[in-house]
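Q: generate a structure from the sequence data that follows.
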Amino acid sequence: MTTYIQDVDKTIEVLRSAGKWLLDSGKKPSKWWQLDNLNKEFLFQYAKPEEFYVGLVDNRPAVAAILQQEQKAQNWQDVDRGKPQLAIYIHWLCVDRHFAGKSLTHDLINFAAELAKQKGISLLRADTNAAESKLRKIYEDMGFELVAIKREDYRDTALYQKKVNNSSPNTGYTADLKGI
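A: Purely as a prediction, here's the structure:
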């Protein structure tokens with residue numbers, strides 16, 4: 001079982017593991033995943049410390065994301081057409097390479113859905129490089145709908161959202177909502 005906590009340092013540890021893997025595998029990480037940017041100074045421009053979540057497996061940081069109620073890293077105005085939606089935004093979603101292939105991405109998304117339910121929010125949102133077919137497939141397989149592909153300076157970004165059923169049974173997670 002994965003235990004989720006809010007911890008900036010452990011979250012960054014997992015982010016850096018993923019960033020290093022991207023670099024080592026020749027994927028040419030975007031500025032969001034460059035090792036020089038996976039630090040508090042850079043990330044705190046886009047997220048508050050209480051928005052850093054890490055999933056522990058056997059007390060080891062295994063999966064991480066920044067979960068926000070306010071959007072700071074991506075522009076959804078075109079999708080919202082002037083009517084901002086209340087949502088939990090999933091950013092920097094990643095798995096430590098030692099834990100790859102264990103469905104932890106799904107697990108973290110389910111945890112984010114539980115956070116949303118506990119907060120009375122009925123929408124999850126995520127974005128990714130449109131060329132990242134593996135992550136896009138994970139989102140789509142989990143019921144996310146592609147709502148836009150936006151051209152940015154250096155890439156196309158795929159914007160996804162998923163409705164969260166607030167009346168569905170509890171997933172078993174106890175979500176700590178401090179700050180979110």
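
Q: could you use CA atoms for every contact and neighbour count after this?
A: Fine.

Q: what does the least confident helix or strand in the chain by mean pLDDT contact?
A: In the chain, the helix or strand scored least confidently by mean pLDDT, DSSP states H and E is helix 77-80, which has a mean of 82. Helix 77-80 has contacts (CA atoms under 8 Å, 6 or more residues apart in numbering) with 83, 84, 147, 148.

Q: which ones among these are found in strands?
A: Among the contacts of helix 77-80, DSSP state E puts 147, 148 in strands.

Q: who wins for neighbours among the contacts of helix 77-80?
A: Comparing the contacts of helix 77-80 by number of neighbours (other CA atoms under 10 Å), residue 148 comes first, having 17 neighbours.

Q: got a list of what it touches?
A: Residues in contact with residue 148 (CA under 8 Å, 6+ apart) are 79, 158, 159, 160.

Q: give me that answer again for 7 Å
A: Contacts for residue 148 (CA atoms under 7 Å, 6 or more residues apart in numbering) come out as 158, 159.

Q: swap in residue 10?
A: Under the criterion of CA under 7 Å, 6+ apart, the neighbours of residue 10 are 54, 61.

Q: SS state for it?
A: In three-state terms, and counting by DSSP: H, G, I helix; E, B strand; the rest coil, residue 10 is helix.

Q: ok, it to residue 70 distance?
A: 22 Å (CA to CA, to the nearest Å).

Q: just residue 130 next, same as before
A: 22 Å.

Q: where do the strands of this structure begin and end?
A: Counting by DSSP E, the chain has strands at residues 3-6, 52-57, 60-68, 88-95, 123-129, 145-151, 156-163.

Q: for residue 18, find the nearest of those.
A: Residue 18 sits nearest to strand 88-95 of all the strands of the chain, at 6.3 Å, using CA to CA.

Q: which regions of this protein sit below the pLDDT cut-off?
A: Applying pLDDT under 70 to the chain picks out residues 72-73, 166-180.

Q: let's see it at 80
A: 71-75, 77, 153-154, 166-180 (pLDDT under 80).

Q: re the thing from before, who's more crowded, residue 130 and residue 70?
A: Set side by side, residue 130 and residue 70 show more neighbours around residue 130, with 17 against 13, by other CA under 10 Å.

Q: residues contacting the more buried one?
A: So residue 130 contacts 156, 157, 158 (CA under 7 Å, 6+ apart).

Q: ChimeraX command for the buried members of the residues you listed?
A: A single ChimeraX command selects the buried members of these (16 or more other CA atoms under 10 Å):
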select :157,158
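
Q: sweet, I'm off.
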